[in-house]
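Chemist: Below are the sequence and a predicted model for it; my questions follow.
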Amino acid sequence: MSQKLTEAYPYAFTVSYVERARQHRWRCSDVTFHCSEWALCQQWVQTIREQLTALTSRPKHLLVYINPYGGKQQGKCIYEQKVAPLFACASISTDVIVTEHANHARDHLKTEAELKKYDGVVCVGGDGMFSEIVHGLVSRTQRDNGVDQNSPEEKLVPCTLRIGIIPAGSTDCICYATVGINDPVTSALHVIVGDSQPMDVCSVHHNNTFLRYSVSLLGYGFYGDVLADSERKRWMGPARYDFSGFKKFLTHHHYEGAVSFLPATDTLGTPRDKTRCRAGYVILYAYNLLCKYEVGWGVVRGKFLAINAASMSCACPRSPKGLSPAAHLADGTTDLILVRKCSRFNFLRHLLRHTSKDDQFDMTFVEVHRVRRFRFTPRHCQNDSELDLRENGKQLFSQICRDHPACSSAYSSWNCDGEILPHAAIEVGVHCQLIKLFARGIEEQPLFEDLANPPCAL
Ligand SMILES: CCCCCCCCCCCCC/C=C/[C@@H](O)[C@H](CO)NC(=O)CCCCCCCCCCCCCCC
Ligand SMILES: Nc1ncnc2c1ncn2[C@@H]1O[C@H](COP(=O)(O)OP(=O)(O)OP(=O)(O)O)[C@@H](O)[C@H]1O
Ligand SMILES: [Ca+2]
């Protein structure tokens with residue numbers, strides 16, 4: 001402003017607001033207003049403050065966990081440089097815990113954290129760190145409400161605290177599929193404006209014993225083997241998945257077993273349709289909940305290269321449309337993808353389609369079902385004691401076996417959101433909208449940016 005104008009309008013205040021940028025990114029911008037009178041300036045500032053305080057969906061106190069070792073080990077730096085200044089600008093107070101070991105955040109949430117003090121929990125890390133927060137919060141909520149997690153049929157109590165993810169991991173698929181991009185500033189702004197996105201959670205049981213929760217991928221065969229191999233190469237960082245992926249693609253193991261599943265016939269979509277889970281689909285799900293009707297269980301037996309259950313699209317930078325592009329975040333279902341034994345060439349074609357517009361399910365050896373529950377029984381699992389014996393000896397032998405190309409194991413492992421499960425025979429149930437995230441789902445890209453995007457003050 002020219003000096004003359006500054007003299008005429010000597011009082012000023014600055015409003016920070018969210019501006020949409022390319023590819024679902026959000027950025028923080030400022031606009032400064034100048035006034036001629038101090039009282040008028042104060043009145044504006046006071047009124048804006050009152051309006052912002054009245055927005056009850058916005059968090060005021062957050063509990064933040066930082067994994068300093070996730071992804072490229074940048075978690076602490078990302079939080080301090082990009083996120084903390086935004087939280088401070090939005091008058092959000094934080095208690096920050098830098099984790100000292102794996103499961104630190106999970107156990108702290110489960111037993112110690114004074115949850116009443118907070119409006120939400122934020123994790124800085126990847127999908128594994130998010131999974132820790134989910135396990136801590138869901139387990140704590142069940143314990144506080146006297147719900148037994150070990151019963152597969154039990155209806156779980158939803159968590160009230162929302163979870164924010166500041167992406168600093170290797171895959172960041174939860175963040176990517178709920179926000180549209182793995183960008184720390186964008187995620188911090190979604191927390192600040194108090195967005196809320198409900199999400200399904202799968203419970204995984206073996207023999208009436210609770211094993212784990214899953215929100216993204218439960219994968220047996222290819223993705224289980226890739227994960228098991230990649231865990232030994234953590235030092236490689238995110239590149240470990242490509243290395244192990246290539247290796248396991250060449251190994252080309254298949255696994256025999258039976259998958260039984262309860263189809264979700266009442267949903268409005270199927271895994272093969274062209275609709276995508278986008279911001280604002282929540283109303284649709286609420287309708288769905290009212291008209292539950294299910295047909296009986298189906299069974300598929302055979303030899304599989306991969307058995308994948310995707311509770312959300314699992315879109316990530318490696319595959320922008322994901323494992324199941326039409327899967328929904330909060331519809332109470334998971335997409336069960338069965339890839340039967342086929343040639344390496346055909347499996348490569350199937351994998352490649354995850355990176356292009358072509359339909360990865362449109363292949364004779366692939367089938368996909370939208371389900372509410374499923375079970376997997378490996379072929380060689382005659383009885384439970386035999387399986388348990390196998391599980392106990394598995395760690396030692398599977399290591400020797402997997403590293404030996406000529407030795408083909410009868411069993412794979414389950415990749416449960418990036419964690420290896422100790423059992424092959426599992427039972428899975430989807431719990432509709434068990435948790436909520438500080439996100440709003442992926443927004444459709446508007447044609448006319450300015451008209452469709454009113455600014456939102458911080
Ligand atoms: C030829 C290129 C084909 C590319 C096919 C890409 C499909 C990628 C689909 C990714 C799905 C990720 C699902 C997310 C799971 C997360 O809960 C979990 C925790 O973060 N991440 C992983 O388990 C990490 C799993 C990472 C799996 C990476 C698999 C990479 C396969 C590479 C195959 C190479 C074959 C090359 C042959 C010449
Ligand atoms: N302080 C810590 N030391 C060692 N491991 C930790 C620590 N804090 C958390 N972890 C564990 O590190 C694992 C990986 O973390 P994270 O998910 O953040 O990164 P990533 O595996 O690189 O990314 P992604 O899960 O997106 O592939 C998690 O399973 C978590 O339990
Ligand atoms: Ca779902």
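Modeler: Great, that's in hand. Numbers count the residues shown, from 1 in each chain. Ligands and ions are numbered 1, 2, ... in the order given.
Chemist: which ones are touching the residue nearest the centre of the chain?
Modeler: Central residue check for the chain by C-alpha atoms, centre = their mean: the C-alpha nearest the mean position is that of residue 174, 2.5 Å away. Contact partners of residue 174, counting by C-beta atoms under 8 Å, 6 or more residues apart in numbering, are 127, 130, 165, 215, 216, 312, 437. Glycine gets a C-beta too; all of them are placed from N, C-alpha and C.
Chemist: Ligand 3 next: which of the residues you listed are close?
Modeler: Among these, proximity to ligand 3 is found for none (C-beta under 5 Å from the ion).
Chemist: Could you say which of those is surrounded by the most neighbours?
Modeler: In terms of neighbours by other C-beta atoms under 10 Å, these top out with residue 216 at 31 neighbours.
Chemist: Next up, the contacts around that residue.
Modeler: Contacts of residue 216 by C-beta under 8 Å, 6+ apart are 127, 173, 174, 177, 310, 311, 312, 314, 417.
Chemist: out of those residues, who's nearest residue 54?
Modeler: residue 174 (30.7 Å; C-beta to C-beta).
Chemist: pretty sure the closest one belongs to a helix, no?
Modeler: Yes. The assignment for residue 174 (DSSP: H, G, I helix; E, B strand; the rest coil) places it in a helix.
Chemist: Distance-wise, check residue 146 relative to residue 157.
Modeler: Residue 146 sits 9 Å away from residue 157, taking C-beta to C-beta, to the nearest Å as the criterion.
Chemist: out of the two, which sits in the busier spot?
Modeler: Neighbour count, other C-beta under 10 Å: between residue 146 and residue 157, residue 157 has more, with 16 against 7.
Chemist: what residues does this structure put near ligand 3?
Modeler: Residues of the chain lying close to ligand 3 (C-beta under 5 Å from the ion) are 200, 311, 328, 331.
Chemist: contacts with ligand 2 among the contacts of residue 174, please.
Modeler: residue 127 (C-beta under 6 Å from any ligand atom).
Chemist: now the contacts of residue 174 as TSV including pLDDT, distance to residue 90 and secondary structure?
Modeler: Shown next, in TSV, are these (pLDDT from 0 to 100; distance: C-beta to C-beta, whole Å; DSSP: H, G, I helix; E, B strand; the rest coil):
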residue	pLDDT	distance to residue 90	secondary structure
127	93	26	helix
130	97	22	helix
165	97	17	strand
215	96	27	coil
216	95	29	coil
312	94	28	coil
437	98	18	strand
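Chemist: I'd like the contacts of residue 174 laid out as a markdown table, including distance to residue 263.
Modeler: Shown next, in a markdown table, are the contacts of residue 174 (distance: C-beta to C-beta, whole Å):
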| residue | distance to residue 263 |
| --- | --- |
| 127 | 27 |
| 130 | 29 |
| 165 | 31 |
| 215 | 21 |
| 216 | 21 |
| 312 | 19 |
| 437 | 27 |
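Chemist: close enough to count as contact, residue 443 and residue 279?
Modeler: Yes. Taking contacts as C-beta atoms under 8 Å, residue 443 lies within contact range of residue 279: 4.6 Å.
Chemist: nearest to residue 321, of the contacts of residue 174?
Modeler: residue 312 (12.1 Å).
Chemist: and stretch 228-241, does that touch ligand 1?
Modeler: Yes. Against ligand 1, stretch 228-241 shows contacts by C-beta under 6 Å from any ligand atom at residue 241.
Chemist: can you give me the helices for the chain?
Modeler: 3-8, 38-53, 75-78, 84-89, 104-107, 127-144, 173-179, 184-192, 222-231, 240-251, 282-290, 344-352, 384-402, 449-452 (DSSP state H).
Chemist: Tabulate those helices (JSON lines), appending distance to residue 422.
Modeler: Output for the helices of the chain, formatted as JSON lines (distance: least, C-beta to C-beta, whole Å):
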{"stretch": "helix 3-8", "distance to residue 422": "69"}
{"stretch": "helix 38-53", "distance to residue 422": "48"}
{"stretch": "helix 75-78", "distance to residue 422": "28"}
{"stretch": "helix 84-89", "distance to residue 422": "38"}
{"stretch": "helix 104-107", "distance to residue 422": "17"}
{"stretch": "helix 127-144", "distance to residue 422": "15"}
{"stretch": "helix 173-179", "distance to residue 422": "23"}
{"stretch": "helix 184-192", "distance to residue 422": "32"}
{"stretch": "helix 222-231", "distance to residue 422": "12"}
{"stretch": "helix 240-251", "distance to residue 422": "19"}
{"stretch": "helix 282-290", "distance to residue 422": "33"}
{"stretch": "helix 344-352", "distance to residue 422": "27"}
{"stretch": "helix 384-402", "distance to residue 422": "6"}
{"stretch": "helix 449-452", "distance to residue 422": "49"}
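Chemist: just those: most buried one?
Modeler: Most buried of the helices of the chain, by mean neighbour count (mean count of other C-beta atoms under 10 Å): helix 173-179, with a mean of 28.
Chemist: Output it in CSV, but only the C-alpha positions, please.
Modeler: Provided in CSV are the C-alpha atoms of helix 173-179 (Å, rounded to 0.1, in the frame of the first residue of the first chain):
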residue,chain,number,x,y,z
CYS,A,173,-2.3,-45.1,1.6
ILE,A,174,-4.8,-44.1,4.3
CYS,A,175,-3.9,-40.4,3.9
TYR,A,176,-3.9,-40.6,0.1
ALA,A,177,-7.3,-42.3,-0.1
THR,A,178,-9.0,-40.0,2.4
VAL,A,179,-7.5,-36.7,1.4
